[in-house]
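Peer 1: The sequence and its predicted three-dimensional model are supplied below.
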Amino acid sequence: MPAAVRGGGRSNARPRAKAPASPKKGRGRPGVPASAAKLHAARAVRMPPIVAGSIAVGVLALGLIVTLATQHRGERLVQSIANGIADETAAVGFRVKDVHVQGASAMASADILRAAGITPGQPILTVNLAEVRARLLAVGWVKEVRVVRLLPDTLVLAVTERTPMAVWQHGGQTLVVDLDGKTVREADPGRFPDLPLIVGAGADEAAPTILGELAQRPWLKPRLEALVRVDGRRWDLKMKDGTLVQLPAVGEDSALVQLEQLNERQRILDLGFARIDLREPNQVVVRQREGATAPPVTKPVADGL
């Protein structure tokens, strides 16, 4: 029997094949972004919404940095990740539930909500705050607005509303204008019967000054029917009894002081004149109505016109 040789022979046995490496822990599902997978896992373990929201916001911020760094070359990738994040966060409660309008009247709120274009139940992270703000600034009621996202489910529209100042008639239209002379297109003029009526081209832009002066003379308001802009330069005050008071293009405040003094001393607005011309600072010109006799006025007066 042949002797066995120790240590000198080669083994004919083949080496065992290595087993395939097991997947590493933390690797996401195939085709699913890692950020979305994290949120999916968060939902599975019932992670608090505020924690999931923090993850979402962090990933979105990272995506923005990547987009800027690559000069928008990664924009599609970032958008895809953002959409996935929005879907996942919506699943854990990050959906629009409440939209609060602050600083606006009930009359304006309906127009503001309609213009915002926010759909209840949509993923709150998909709401583009800049686009919503731009739409709201196009609403006549809105002077300024901030759009705030309160996670997980609330949007706040903080509005500075325009204050209606007058009702403007021009070119066959009747519109409401604010203290800056800006048109509030959505406002119904019929709902503002106490606002002064201004008439004519350019009356909207020129009204703040004259209305500020008239506000200092509350005795005049009950008598006034309308303010008429003439040639884009000056105002006529049309009274409810038909009297027309003509103001100068320059120095209308002084003319109103003169009118107030004449009315206190002689009740000039009760004398039935058709026209009271205050365009010249040193004289008052009146025109009587047809068939009426001009009462005396103790002020240099040129009768006629």
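Peer 2: Received, thanks.

Peer 1: I'd assumed V159 was in contact with A104.
Peer 2: Yes. Using Cβ atoms under 8 Å, A104 is in contact with V159, at 4.4 Å. C-beta here means a position set from N, CA and C on the backbone, and glycine is covered the same way.

Peer 1: any residues in contact with both of those two?
Peer 2: I112, W141, V142 (Cβ atoms under 8 Å, 6 or more residues apart in numbering).

Peer 1: List just the nearest of the residues you listed to P123.
Peer 2: P123 lies nearest to I112 out of those, by Cβ to Cβ, at 22.1 Å.

Peer 1: So that closest one is in contact with L137, correct?
Peer 2: No. Using Cβ under 8 Å, I112 is not in contact with L137, being 10.8 Å away.

Peer 1: which of these two has more neighbours?
Peer 2: Higher neighbour count among I112 and L137: I112, with 23 against 12, using other Cβ atoms under 10 Å.

Peer 1: In three-state terms, label that one for me.
Peer 2: The three-state label given to I112 by DSSP: H, G, I helix; E, B strand; the rest coil is helix.

Peer 1: show me what contacts it?
Peer 2: Contact analysis of I112 by Cβ under 8 Å, 6+ apart lists V101, A104, L136, V139, W141, V142, L157, V159.

Peer 1: Helix or strand: which one has the second one?
Peer 2: When elements are defined using DSSP states H and E, A104 is found to belong to no helix and no strand.

Peer 1: and it, how many neighbours?
Peer 2: Neighbour count for A104, taken as other Cβ under 10 Å: 22.

Peer 1: Please apply the same query to the first one.
Peer 2: Summarising burial for V101: neighbours were counted as other Cβ under 10 Å, giving 21.

Peer 1: got a pLDDT number for L256?
Peer 2: For L256, the pLDDT comes out at 96.

Peer 1: How about T293?
Peer 2: At T293, the pLDDT value in this model is 60.

Peer 1: now the stretch 1-150 of the chain, which segments are flagged as low pLDDT?
Peer 2: Residues of the stretch 1-150 of the chain meeting the criterion pLDDT under 70: 1-92.

Peer 1: Let's see that with 50 instead.
Peer 2: Low-confidence segments of the stretch 1-150 of the chain (pLDDT under 50): 1-11, 13, 22-29, 31-32, 35, 38-39, 41-42, 44-45.

Peer 1: Now do the contacts for the spatially closest residue to K240 that is not a sequence neighbour.
Peer 2: In this structure, K240 finds its nearest non-sequential neighbour in E225, 4.6 Å apart by Cβ to Cβ, 6 or more residues apart in numbering. By Cβ under 8 Å, 6+ apart, the contact list for E225 reads L197, K238, M239, K240.

Peer 1: Looking at the shared contacts of A104 and V159, which one is closest to W168?
Peer 2: Using Cβ to Cβ, W141 comes nearest to W168 of these, at 15.9 Å.

Peer 1: those strands in the stretch 151-300 of the chain, which residues are they?
Peer 2: Applying DSSP state E, counting those that start in this stretch to the stretch 151-300 of the chain gives strands spanning 154-161, 164-170, 173-178, 183-184, 197-199, 224-230, 234-239, 244-246, 273-277, 284-288.

Peer 1: Would you mind giving the ones you listed as a markdown table with mean pLDDT and distance to G93 added?
Peer 2: Below are the strands of the stretch 151-300 of the chain laid out as a markdown table (pLDDT from 0 to 100; distance: least, Cβ to Cβ, whole Å):
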| stretch | mean pLDDT | distance to G93 |
| --- | --- | --- |
| strand 154-161 | 98 | 11 |
| strand 164-170 | 97 | 40 |
| strand 173-178 | 96 | 40 |
| strand 183-184 | 95 | 38 |
| strand 197-199 | 98 | 52 |
| strand 224-230 | 98 | 56 |
| strand 234-239 | 98 | 59 |
| strand 244-246 | 98 | 65 |
| strand 273-277 | 96 | 70 |
| strand 284-288 | 94 | 74 |
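
Peer 1: Of the ones you listed, which is nearest A255?
Peer 2: The minimum distance between A255 and these falls on strand 244-246, with 8.5 Å, by Cβ to Cβ.

Peer 1: returning to what we had before: most neighbours, which of the contacts of E225?
Peer 2: Top of those by neighbour count (other Cβ under 10 Å): L197, with 19 neighbours.

Peer 1: Quick check: closest non-adjacent residue to it.
Peer 2: Using Cβ to Cβ, 6+ apart, the nearest residue to L197 is A226, at 4.2 Å.

Peer 1: what's around the one you found, how many residues?
Peer 2: A226 has 18 nearby residues by other Cβ under 10 Å.
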